[in-house]
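Peer 1: Predicted model follows, preceded by the sequence.
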Amino acid sequence: MREMRYQNDNKVYVKVEALFLPDGRLKPVAFWWESGRRYGIDKVTEVCRAASLKAGGIGMRYTCMVCGRQTYLFYEEDRWFIERKRRQK
Amino acid sequence: MQRVILHTDMNNFYASVECVHRPDIRGCPVAVGGDEQLRHGIVLAKNDIAKAAGVRTGQALWQARERCPNLVTLKPNYPLYLRYAKFARQIYSGFTDKIEPFGLDEAWIDVSGDNGILVADQIRSRIKKELGVTASVGVSYNKIFAKLGSDIKKPDATTLISQKNFKLVAWPLPVEELLYVGRATKSKLNRFGISTIGELAAAPVLLLRNVFGKVGDVLHRFANGLDDSPVTRADEESLIKSIGNSTTTPRDLVCGEDVKIILFVLCESVCARMREHGFMCRTVAISVRDNELFCFERQTKLSRPSCVSAQIAHTAMRLFVREYGWQKPIRSLGVRCADLIPADSPMQTSLLCDEEGLRKQETLERTIDALRGRFGHFCIQRACVLADRSLGGLNPKGDHIIHPVGFFKDGTEQ
């Protein structure tokens, strides 16, 4: 039986560039937003499992500093997603 | 040293998980229910809003919609719930390795030596943060009162039932709150004027033994907080006494051919699981429920132990033909294999039996198990189940991923 996946506007699946470190850790270094623009991740300040009530999902949450702002990047099973900050019109 | 046992219960589990993953339905009355087309349409879980509107677990979905016309009904997403159960286990394992799951959403955790309330609060807070759902935790010195405690305050609360306060907290509760007191036991107890746990605790054990047999002693111990059953580690294989599967069929069964299809489907699932666990059985039982919900079970011995589905299906079919007179169409069928022995047990061969044929059959079925493991259940099927695809299209082994668990592990049916 396969898990049903749910979509919603606040859950934005993104393409991510990540490093698999020799100690087994996974470190995201950049992601591509819907617009196609690439954002480099300056620093990952925290990694923990967390739920995203806004986007609807659970996974490993990477707290990232991107262009001086804090962004949560979630790794859920086999996909990365970001919570949309503002709803699209 | 006094034991410290927690019982965690994730609140409205299926419905809560759905609400985490579907922000659009939060704030609506939500019920998770089986497939109505397959006649499994009952409420499996509901959120608090649906509960306030009168929706109850076990209700038919159409009844629930009558009570709550704007009810959002969802099909269960078991793989997602399993993922949650796994993550919850990981949280518990940060405190101890003595964890005994009780279904997907509940577990007993033995944290003897620690401050139970503190651990319970930490577990609740981690479940909320990491899984987005809430849990109630009961803290006590035995498993029964711990479970009782987790039901007292909901959602997201810790309840302590200690040796000091159990008479105040547990004893005034209705007797049906106690594990193992179902509807039938409750009405029997009520007849003797026992309606609270305290009254059950004070009842003479001889009376309970006369009415309920061995269970009378158990109930007396439970009510008095004398349960000393340990928290079993989940990785300690419990003793399996029987393996069974049953299904409510997509349509009523009206003839022997229909029954044959379902029996083959069920026997294939049961036998595949027997082989997986390394067992053979000596007894085959069938359970039949007609469309007016009258049900019965019959069993028969096999001439030699077996885990071959063709042999077990034919035995089950013979038993069915002998025992059922087709008074009514059938709604649900079950097959159970009991009297299990290890598959490598020495066996008396017979001159009158086609030993070579049986060995070939078993090899064939193990090959089918391997093929299904690699390419999916439906990659290979018996011709007879293709006669009616609506009936033969069931995959009880794959679909039935959540096996019921019993409190008494030595009597566990897998």
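Peer 2: Now that the structure is in, tell me what you want to look at. Since we're looking at a predicted model, the values are computed, not measured.

Peer 1: All the strands of chain A, in order from the start?
Peer 2: Along chain A, the segments classed as strands by DSSP state E run A:11-13, A:15-20, A:26-32, A:38-40, A:43-52, A:57-66, A:69-76, A:79-83.

Peer 1: Just put these in TSV and tack on mean neighbour count and mean pLDDT.
Peer 2: In this view, the C-beta of every residue, glycine as well, is placed from N, C-alpha and C. Compiled in TSV, the strands of chain A are given as follows (neighbours: other Cβ atoms under 10 Å in any protein chain shown; pLDDT from 0 to 100):
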stretch	mean neighbour count	mean pLDDT
strand A:11-13	18	95
strand A:15-20	13	96
strand A:26-32	16	96
strand A:38-40	13	97
strand A:43-52	16	96
strand A:57-66	20	96
strand A:69-76	17	95
strand A:79-83	19	95
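
Peer 1: Nearest residue to whichever residue of chain A sits closest to chain B in space, ignoring adjacent ones along the chain?
Peer 2: Of all residues in chain A, the one sitting closest to chain B is A:A51 (2.8 Å; Cβ to the nearest Cβ). Spatial nearest neighbour of A:A51, excluding adjacent residues (Cβ to Cβ, 6 or more residues apart in numbering or on different chains): B:G132 at 2.8 Å.

Peer 1: Identify the residues contacting that neighbour.
Peer 2: Neighbouring residues of B:G132 by Cβ atoms under 8 Å, 6 or more residues apart in numbering or on different chains: A:A51, A:S52, A:L53, A:I58, B:V20.

Peer 1: quick one: is the host helix or strand of the last one near chain A?
Peer 2: When secondary structure is defined by DSSP states H and E, B:V20 falls within helix B:13-21. Yes. Part of helix B:13-21 sits near chain A under the criterion Cβ under 8 Å from any Cβ of the partner chain, namely B:V20, B:H21.

Peer 1: mind saving the C-alpha coords of that helix as CSV?
Peer 2: Presented in CSV, the C-alpha positions along helix B:13-21 are these (Å, rounded to 0.1, in the frame of the first residue of the first chain):
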residue,chain,number,x,y,z
PHE,B,13,-5.2,9.6,15.9
TYR,B,14,-6.2,9.0,12.3
ALA,B,15,-8.2,12.2,12.2
SER,B,16,-5.5,14.3,13.8
VAL,B,17,-2.9,13.1,11.4
GLU,B,18,-5.1,13.9,8.5
CYS,B,19,-5.7,17.4,9.9
VAL,B,20,-1.9,18.0,10.2
HIS,B,21,-1.4,17.1,6.6
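
Peer 1: Wait, a helix at B:R336?
Peer 2: No. Counting by DSSP: H, G, I helix; E, B strand; the rest coil, B:R336 is not part of a helix but strand.

Peer 1: can you list the residues of chain B near chain A?
Peer 2: Within reach of chain A by Cβ under 8 Å from any Cβ, chain B has these residues: B:20-24, B:75, B:77-80, B:83-84, B:87, B:129-133, B:398-399, B:401.

Peer 1: Mind telling me what element B:L44 is part of?
Peer 2: Judged by DSSP H and E, B:L44 forms part of strand B:43-46.

Peer 1: That strand packs against which elements?
Peer 2: Counting contacts by 3 or more Cβ pairs under 8 Å, 6 or more residues apart in numbering or on different chains; DSSP states H and E, strand B:43-46 packs against helix B:13-21, strand B:30-33, helix B:61-67.

Peer 1: Pick the most deeply packed of those.
Peer 2: Most buried of these by mean neighbour count (mean count of other Cβ atoms under 10 Å in any protein chain shown) is strand B:30-33; its value is a mean of 26.

Peer 1: so what's the residue nearest the centre of chain A up against?
Peer 2: The centroid of chain A falls nearest to A:L73 when counting by Cα atoms, centre = their mean (2.5 Å). Taking Cβ under 8 Å, 6+ apart, we find A:L73 in contact with A:V14, A:V16, A:P28, A:F31, A:I41, A:R61, A:Y62, A:C64, A:W80, A:F81, A:I82.

Peer 1: Tell me what it is bridged to.
Peer 2: Beta-bridge partners for A:L73, by DSSP bridges, are A:Y62, A:I82.

Peer 1: Checking my notes, B:G244 in a strand, right?
Peer 2: Yes. The assignment for B:G244 (three-state DSSP) places it in a strand.

Peer 1: what angle sits between the helix or strand that contains B:F87 and helix B:13-21?
Peer 2: Per DSSP H and E: B:F87 is located in helix B:78-93. Calculated by axes from the mean of the first three to the mean of the last three Cα atoms, to 10 degrees, helix B:78-93 forms an angle of 100 degrees with helix B:13-21.

Peer 1: Pull out the buried residues from helix B:78-93.
Peer 2: B:Y78, B:L80, B:Y81, B:R83, B:Y84, B:A85, B:F87, B:A88, B:I91, B:Y92 (16 or more other Cβ atoms under 10 Å in any protein chain shown).

Peer 1: Surely the first one and A:M4 touch.
Peer 2: No. With contacts defined as Cβ atoms under 8 Å, B:Y78 does not count as touching A:M4, sitting 9.5 Å away.

Peer 1: which residues does the spatially closest residue to B:P23 that is not a sequence neighbour contact?
Peer 2: With sequence-adjacent residues excluded and distances taken as Cβ to Cβ, 6+ apart, B:P23 is closest to A:G56, at 4.8 Å. A:G56 sits next to A:Y6, A:N8, A:N10, A:K11, B:V20, B:H21, B:R22, B:P23 when contact means Cβ under 8 Å, 6+ apart.

Peer 1: One more: B:F145?
Peer 2: B:G138, B:I161, B:F166, B:A170, B:G225, B:D227.
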